[in-house]
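Chemist: Sequence and computational prediction follow.
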Amino acid sequence: MDLKPTIVLSIVTTVVSALLIVAHNLTYVDTSGIITPKLGDKCVSFMGEGEYSIVTDWLAAGYAIEKPDSIEKLIIKNDGMYAFEIIADGYNKGGLDLLISMNTDGSVKGIEVVSITDTPGLGTNVNDPEFLSCFEGISDNAVIVKKTPTSGNEIEAVTGATYSSKGVAAAVNTALCVYREMGAMK
Amino acid sequence: MSCFKEFTKGLIKENPNLVMLLGMCPTLAVTTMAQNGLGMGLATTFVLVCSNLVISLLKKLIPDTVRLPCFIVIIAGFVTFVSIMLDSFLPDLSEALGVFLSLITVNCIILGRAEMFASKNKVLPSVLDGLGMGLGFTLSLIVVGSIRELLGTGKIFGITLAPDFVEPMTIFILPAGGFFTLGCVIAILGVITKKKPKKPDCAACPSRGSCAQLEAGKETV
């Protein structure tokens, strides 16, 4: 059996992969603890001008729990306002990057989209003020329905964007849940 | 063919997009704005030149049976490299191109030129061929993108050109308008370059067995 083709293909694949690993390591920037310029702009348009910072150690800051994996970042503004950055699955895994702020009574104050990598023209339609404002005031278990909503926590899905709509609802529910568990905000 | 001809043929006469009809999907997808077309075209040109260069260098080393997998790995490697670089240095362009950047890997133009040209020719002609084809692709993206952007939003490259009272026709930035514009551009280019329609090749036709023309004795070579 002629092994040469297999060997050549293996070598090509290995060399290409190795070069890409080097390129990736040279350019990778870990943004887990920083507010990137893009995120900063979104915060300003969502919560107004001010100084923003990220809470990296939740227990040290006085909350009841450690930062759960479901929350990407907890962003605090110097006047006391704050928002969760949550990355939820829409149609694509991790397709929805959202900022969600809460009222002191535990209900949702507002949602701002940081970025959506779902299908342009379909999933991206969830970035609509009319849809996002439906979540305001919800304090318990947001549910996406495909007909006219009958109760306060039901929200109609965006046409053609059911997965993305459910993703937004899932993010809201995560925010509600974590808010309840984390205890008093400073 | 002289080296210079290798470069110029890709620009108009053998334009990969408008004449050879390769790489249509990204054409329709990114030409909603002229500047996205420019960005995509330049990214594709870079990958095309690099992959043509490498494949031409390695043409004697890659056995025939695994040549397509090898080409694709090399092309995918360069696309991933461009993707990493854009993410780091030009994140806005990276977001505008979105998923279509990764789809450069399966752009027929790149694999097509690798298979048809780079694997059979020396390095310098291959590089020039890649450059010409890539720039021809970029040119066609800019032309189609400008038409669609101008008619669809009244702007070109973000600069508003249409007067206030002219209502833009949104359909041009939707898929239907894309197909229509592309078809018109291909047709007009065909007229300008005086391209003759292909004569049917009966010897290679798969429906030889049931052809009415053939039975009537009207075989064309």
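Modeler: Thanks, I have it.
Chemist: The residue lying closest to A:Cys134 once chain neighbours are set aside: what secondary structure?
Modeler: Spatially, and ignoring its direct neighbours in sequence, A:Cys134 is nearest to A:Ile155 (4.6 Å; C-beta to C-beta, 6 or more residues apart in numbering or on different chains). Quick note: C-beta positions are derived from backbone N, CA and C, even for glycine. Recorded secondary structure, A:Ile155: strand (DSSP: H, G, I helix; E, B strand; the rest coil).
Chemist: Surely A:Ile155 and A:Asn173 touch.
Modeler: No. In this structure, A:Ile155 is not within contact of A:Asn173 by C-beta atoms under 8 Å, at 11.5 Å.
Chemist: Between those two, which contacts overlap?
Modeler: Residues within reach of A:Ile155 and of A:Asn173 at once, by C-beta atoms under 8 Å, 6 or more residues apart in numbering or on different chains, are A:Ala142.
Chemist: how close does the residue of chain A found nearest chain B sit to B:Leu48?
Modeler: Nearest residue of chain A to chain B: A:Val16, at 3.7 Å (C-beta to the nearest C-beta). Applying C-beta to C-beta, to the nearest Å, the value for A:Val16 to B:Leu48 is 17 Å.
Chemist: Which residue of the two possesses the greater neighbour count?
Modeler: B:Leu48 (31 against 20; other C-beta atoms under 10 Å in any protein chain shown).
Chemist: Now do the contacts for that one.
Modeler: Applying C-beta under 8 Å, 6+ apart, the residues contacting B:Leu48 are B:Ile109, B:Ile110, B:Arg113, B:Gly130, B:Leu131, B:Met133, B:Gly134, B:Phe137.
Chemist: cool, B:Ile74 as well?
Modeler: A:Val12, A:Val16, B:Ser51, B:Val54, B:Ile55, B:Leu58.
Chemist: Likewise for B:Leu150?
Modeler: Contact analysis of B:Leu150 by C-beta under 8 Å, 6+ apart lists B:Ile156, B:Leu161, B:Ala162.
Chemist: let's see 7 Å
Modeler: Residues near B:Leu150 by C-beta atoms under 7 Å, 6 or more residues apart in numbering or on different chains: B:Ile156, B:Leu161.
Chemist: Equivalent analysis for B:Arg148, please.
Modeler: With the criterion set at C-beta under 7 Å, 6+ apart, B:Arg148 makes contact with B:Thr31, B:Thr32, B:Phe172, B:Ile173, B:Gly177, B:Gly178, B:Thr181.
Chemist: After the strand or helix carrying it, heading C-terminal, what element do we hit next?
Modeler: Using DSSP states H and E, the element containing B:Arg148 is helix B:123-153. The first helix or strand that comes after helix B:123-153 along the chain, using DSSP H and E, is strand B:155-156.
Chemist: Name the surrounding residues that touch that following strand.
Modeler: Residues outside strand B:155-156 that contact it (C-beta under 7 Å, 6+ apart) are B:Ala34, B:Ser146, B:Glu149, B:Leu150, B:Leu161.
Chemist: The second one: what's it in contact with?
Modeler: For B:Ser146, the residues meeting the contact criterion (C-beta under 7 Å, 6+ apart) are B:Ala34, B:Ile156.
Chemist: before we move on, the earlier item: for the nearest residue to the residue of chain A closest to chain B once chain neighbours are set aside, helix, strand, or coil?
Modeler: Distances taken as C-beta to C-beta, 6+ apart put B:Gly77 closest to A:Val16, at 3.7 Å, once the chain neighbours are dropped. Three-state call for B:Gly77 (three-state DSSP): helix.
Chemist: do the same with A:Ile34
Modeler: Using three-state DSSP, the structure places A:Ile34 in coil.
Chemist: which residue sits closest to it, ignoring its sequence neighbours?
Modeler: Nearest non-adjacent residue to A:Ile34, counting by C-beta to C-beta, 6+ apart: A:Ile54, 7.1 Å away.
Chemist: just the strands in chain B please.
Modeler: With DSSP state E as the criterion, chain B has strands at B:155-156, B:159-160.
Chemist: who's in contact with the residue in chain B that chain A sits nearest to?
Modeler: Nearest to chain A in chain B, going by C-beta to the nearest C-beta, is B:Gly77, at a distance of 3.7 Å. The contact partners of B:Gly77, taken as C-beta under 7 Å, 6+ apart, are A:Val16, A:Leu19, A:Leu20.
Chemist: Return the residues in contact with the nearest residue to A:Met81 once chain neighbours are set aside.
Modeler: Using C-beta to C-beta, 6+ apart and skipping the chain neighbours, the partner closest in space to A:Met81 is A:Met47 (5.0 Å). If you count contacts by C-beta under 7 Å, 6+ apart, A:Met47 has them with A:Lys77, A:Met81, A:Ala83, A:Ser101.
Chemist: now B:Leu124
Modeler: Taking C-beta under 7 Å, 6+ apart, we find B:Leu124 in contact with B:Cys3.
Chemist: Tell me where the longest strand sits in chain A.
Modeler: strand A:108-116.
Chemist: immediately after that strand, which helix or strand?
Modeler: Using DSSP H and E, the first helix or strand after strand A:108-116 is helix A:129-132.
Chemist: Now do the SS call for A:Tyr63.
Modeler: A:Tyr63 - assigned by three-state DSSP - is coil.
Chemist: That one contacts A:Arg180, correct?
Modeler: No. The criterion here is C-beta atoms under 7 Å, and A:Tyr63 misses it with A:Arg180 at 11.8 Å.
Chemist: Which one's more surrounded, the two?
Modeler: The residue with more neighbours, out of A:Tyr63 and A:Arg180, is A:Tyr63; 19 against 12, by other C-beta under 10 Å.
Chemist: Just the pLDDT for the closest residue in space to that one that isn't next to it in sequence.
Modeler: Among residues not flanking A:Tyr63 along the chain, A:Met182 sits closest, at 4.4 Å (C-beta to C-beta, 6+ apart). For A:Met182, the pLDDT comes out at 80.
Chemist: tell me the contacts of A:Met182?
Modeler: By C-beta under 7 Å, 6+ apart, the residues touching A:Met182 are A:Trp58, A:Tyr63, A:Ala64, A:Ile65.
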